[in-house]
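>>> requesting a structural model of the entry that follows:
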Amino acid sequence: MLTKLHIENFKSIHNLDIELGKVNVFIGENGCGKSNILEAVAVASAARSDRLKNDDLAAKGIRITRPDMMMNSFKGARTKENININLTFDDVSVPTNLTSESLNDIDSPWLDSNILAEKKAYKAFEEKYGHTMAFMYLITALKIWSKSKVEKEKASEELKEFLKLLEQHMSSDEIAAFNNQAYKLFIADFIIYELQTNPLRGFNKQSYEIPGRNGENLDLLLGKFSEEEWEQIIQHSKFISWLDDNGIIVDKDGELAGKRLKLRSDSKLYFRDKFMQKKNNVFSVENANEGALHILFYLALFISKKTPSFFAIDNIENALNPYLCRHLMKNIADLANKNEKQALITTHNPAILDGLNLHDDNQRLFVVSRNKKGHTTVKRIQLKPEVEVGGKKLKLSELWMRNHLGGIPQNF
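As a prediction, this is how the structure comes out:
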């Protein structure tokens, strides 16, 4: 799990450190830099994967612009020429140091000096001792980082034994290069999801990924669910009031094709409404309400073993009733623990906050703002402020709206 994040000289972020949990919610006024935090992690992920072309960055959810516009240009400050993003996993630090190769190289303007050094060290070891030993190390490390905390502690002994065999041959720089190569596997799939209703319904697909960052291919994702995963999604989707107990259907064989108009969505996702007559209670994804589709996508994201272990969701509240927001967050927190997922989430809806339990250190709330110099800053809310109105304690949503947390516009 990513425990610490350091960002320097990226968009509105001058110098920022954040300590993360499993579910991390960021609030703040428009334009304060919430999305920039998500994008910084996405940039580091792209660098770790050595995929820094603009198309690769855009596919991760990064808003692309000229390289010089991706860096700080605050009034009265000297402009730096590189972006530093440092990811800390437990006690291991993985740095990214981006410089622009050329402002004229529109397709691939970025270069990461750390990646070049690591690749060189990794290749040198591979050439000296063989591909098999290098591959064994990476696979061993990946097994450890994909396990639960208890299993990690046991598996760490396996890695220590393996390192004993390697350290007589490897320098400290080579070992560091291997660690960074292995951590790349954890964050390589990081993506910023920002759902749109049409892609969720099978229209206007922009991605062939399963699932796509705008909601594409939800039916294909659900079609790959195991029995255990189906049990989870049925259990956690019960707060969709009209949905039948077995009301989520992936029509793999096309038996329900007559329920939708031809030449419309190619999605094979259908729903069963418990309030309708049995002869007419199944309808296609085109006719499902958008809130249910958003909820189903987020639940699938946190349940599936085929989705990234680490990802972001920008504006999670889109299309959702405030009361549903609260229950969605409670479900997400449970699923993140159960399925070893880590997420960065932004929101403008106060109701999302009421689904958080700040006494659980895995669930963290951050208020994002910009200081007098325009720098993005972050403050963690660790304890709910004790504020009463008429003898009644205020909810987190009420505290935010009454400006007891910060993160609301102050200029009017």
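>>> ok, and what's touching stretch 200-214?
Residues from elsewhere that reach stretch 200-214, judged by Cβ atoms under 8 Å, 6 or more residues apart in numbering: 59-61, 191-196, 198-199, 215-221, 224, 264-267, 269, 285-286, 288, 290, 293-294, 297, 300-301, 306-307. (Glycine included, C-beta is placed from N, CA and C.)
>>> at 6 Å what do you get?
Outside stretch 200-214, the residues within contact range by Cβ atoms under 6 Å, 6 or more residues apart in numbering are 61, 191, 193, 196, 198-199, 215-218, 220-221, 265-267, 285-286, 293.
>>> which of those residues fall in strands?
Using DSSP state E, residue 193 are the members of the contacts of stretch 200-214 that sit in strands.
>>> could you pick out the buried ones from the contacts of stretch 200-214?
Neighbour-count burial (16 or more other Cβ atoms under 10 Å) is assigned, among the contacts of stretch 200-214, to 61, 191, 193, 196, 198-199, 215-218, 220-221, 265, 267, 285-286, 293.
>>> tell me the centre residue of the chain?
Centroid-nearest residue in the chain, with Cα atoms, centre = their mean: residue 311, separated by 1.6 Å.
>>> residue contacts, that one?
The contact partners of residue 311, by Cβ under 6 Å, 6+ apart, come to 190, 191, 343.
>>> between the residues you listed, which sits nearest residue 365?
For the contacts of residue 311, the minimum distance to residue 365 (Cβ to Cβ) is 13.3 Å, reached by residue 343.
>>> quick check, the closest one in a strand?
Yes. The assignment for residue 343, made by DSSP: H, G, I helix; E, B strand; the rest coil, places it in a strand.
>>> in what helix or strand does residue 233 lie?
Following DSSP states H and E, the helix or strand that holds residue 233 is helix 227-236.
>>> give the rounded mean pLDDT of that helix.
In this model, helix 227-236 carries a mean pLDDT of 94.
>>> and that helix, what does it pack onto?
The criterion is 3 or more Cβ pairs under 6 Å, 6 or more residues apart in numbering; DSSP states H and E, and the helices and strands that helix 227-236 contacts are helix 290-303.
>>> 8 Å instead?
strand 243-250, helix 290-303, helix 322-339 (3 or more Cβ pairs under 8 Å, 6 or more residues apart in numbering; DSSP states H and E).
>>> looking at those, which is buried most?
helix 290-303 (a mean of 22; mean count of other Cβ atoms under 10 Å).
>>> residue 77 - how many residues pack around it?
Other residues within reach of residue 77, judged by other Cβ atoms under 10 Å, total 12.
>>> could I get the phi/psi values of it?
With angles defined as degrees, to the nearest 10, residue 77 shows backbone torsions of phi -120, psi 140.
>>> contacts only, for it.
By Cβ under 8 Å, 6+ apart, the residues touching residue 77 are residue 373.
>>> pLDDT weak spots in this protein?
91, 101-126, 128-185, 262-263 (pLDDT under 70).
>>> hmm, what's the outermost residue in it?
Distance to the chain centre peaks in the chain at residue 279, reaching 40.6 Å (criterion: Cα atoms, centre = their mean).
>>> secondary structure element for residue 63?
Under the criterion of DSSP H and E, residue 63 resides outside all helices and strands.
>>> so residue 94 touches residue 47, yeah?
No. Contact status for residue 94 versus residue 47: not in contact, 9.9 Å apart, counting by Cβ atoms under 8 Å.
>>> distance of residue 52 from residue 298?
In this structure, residue 52 lies at 29 Å from residue 298, with Cβ to Cβ, to the nearest Å as the measure.
>>> equivalent analysis for residue 54, please.
28 Å.
>>> now swap in residue 37 and tell me
Residue 37 sits 19 Å away from residue 298, taking Cβ to Cβ as the criterion.
>>> which SS state does residue 258 fall under?
Using three-state DSSP, the secondary structure recorded for residue 258 is helix.
>>> all helices for the protein, in order.
Taking DSSP state H, the helices of the chain run over residues 34-48, 54-59, 113-129, 131-145, 149-167, 172-187, 197-200, 218-223, 227-236, 290-303, 322-339, 396-401.
>>> how about the CA coordinates for the last one, as PDB?
Read that as helix 396-401. C-alpha atoms of helix 396-401 as PDB (Å, rounded to 0.1, in the frame of the first residue of the first chain):
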ATOM      1  CA  LEU A 396     -19.500  15.800   9.000                       C
ATOM      2  CA  SER A 397     -21.500  17.000   6.000                       C
ATOM      3  CA  GLU A 398     -23.000  19.800   8.200                       C
ATOM      4  CA  LEU A 399     -19.600  20.700   9.600                       C
ATOM      5  CA  TRP A 400     -18.300  21.200   6.100                       C
ATOM      6  CA  MET A 401     -21.200  23.300   4.900                       C
END
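>>> give me the contacts around it.
For helix 396-401, contacts defined as Cβ under 8 Å, 6+ apart pick out 27, 350-351, 353-354, 356, 358, 365, 384-385, 387, 389, 405, 407-408.
>>> quick one: the residue nearest to the residue nearest to the centre of the chain when sequence neighbours are not counted from residue 61, how far?
Nearest in space to residue 311, with sequence neighbours left out and distances taken as Cβ to Cβ, 6 or more residues apart in numbering, is residue 191 at 5.5 Å. Using Cβ to Cβ, one obtains 6 Å as the distance from residue 191 to residue 61.
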